[in-house]
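[1] with the sequence up front, the predicted model follows.
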Amino acid sequence: MNQQPKKNNTIGCCGIDCGLCPRYISKSKSACPGCGAADFFSKHPSCGFLTCCAKNHGLEVCSECDDFPCKRFDTEKQGFDSFVTHRKVFHNHELIRKIGLNQFLIEQKQRIDILDYLMDNFDAGRSKSFFCQTCTLLPIENLTEIYRESKVIDHSLGITDKNRVIKGLILKISDGLEIDLKLRRKS
């Protein structure tokens, strides 16, 4: 089934920031095409959010529905999913209701562009999740600051050193905002 029930695959019906997800930017066969994109159903065969929102109601995101938030969001409210792009589901829906989907997508595109820039210029091979978290969780004005300051990093440095410098800058900013970006492995 390659039918596309919605236009914007970088924002999930449920509010997930698909365009900032490690699986979305992945180059592997397991890469996710984003919500409702061609080949989406081969990766997520039974997404109740997409079925209800886009297929049944013709909407792009659940916050466009009069019944939002419905019972489908009960597990999100309880915080069961620790996947970073889930952490802003309700924030994204509130923002879409406040500024509109088009304006939200403009800001999200800025975040995606900064993520692409970080990946292209500072990824030493193990920073995808960290950069995705950064671009998902930090306010856009801080991401813009990181982007600006990254331009003065000595680009003749090796990728490992550039990665260390940019991560130091990001952690300094995120720590000042009390946003935890440090990835921890469960023991």
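    Arrived safely, thanks for sending. Since we're looking at a predicted model, the values are computed, not measured. Numbering: from 1, shown residues only.
[2] residues of the longest helix anywhere in the chain that come out buried?
    The single longest helix within the chain, with elements called by DSSP state H, is helix 101-122. In terms of neighbour count (16 or more other CB atoms under 10 Å), helix 101-122 has its buried residues at Leu101, Phe104, Leu105, Gln108, Arg111, Ile112, Ile114, Leu115, Tyr117, Leu118, Phe122. Any C-beta I mention is one placed from the backbone N, CA and C, and that applies to glycine too.
[3] got it, and stretch 169-185?
    For stretch 169-185, by 16+ other CB under 10 Å, it's Leu169, Ile170, Leu171, Ile173, Ser174, Ile179, Leu181.
[4] show me the two of these that sit farthest apart.
    Within these, Leu169 and Ile179 form the most distant pair, 13.9 Å apart (CB to CB).
[5] once you drop chain neighbours, what's closest to Leu59?
    Using CB to CB, 6 or more residues apart in numbering and skipping the chain neighbours, the partner closest in space to Leu59 is Cys53 (4.9 Å).
[6] tell me how far the closest residue to His57 other than its chain neighbours lies from His93.
    Spatial nearest neighbour of His57, excluding adjacent residues (CB to CB, 6+ apart): Cys65 at 6.1 Å. From Cys65 across to His93, the span is 10 Å (CB to CB, to the nearest Å).
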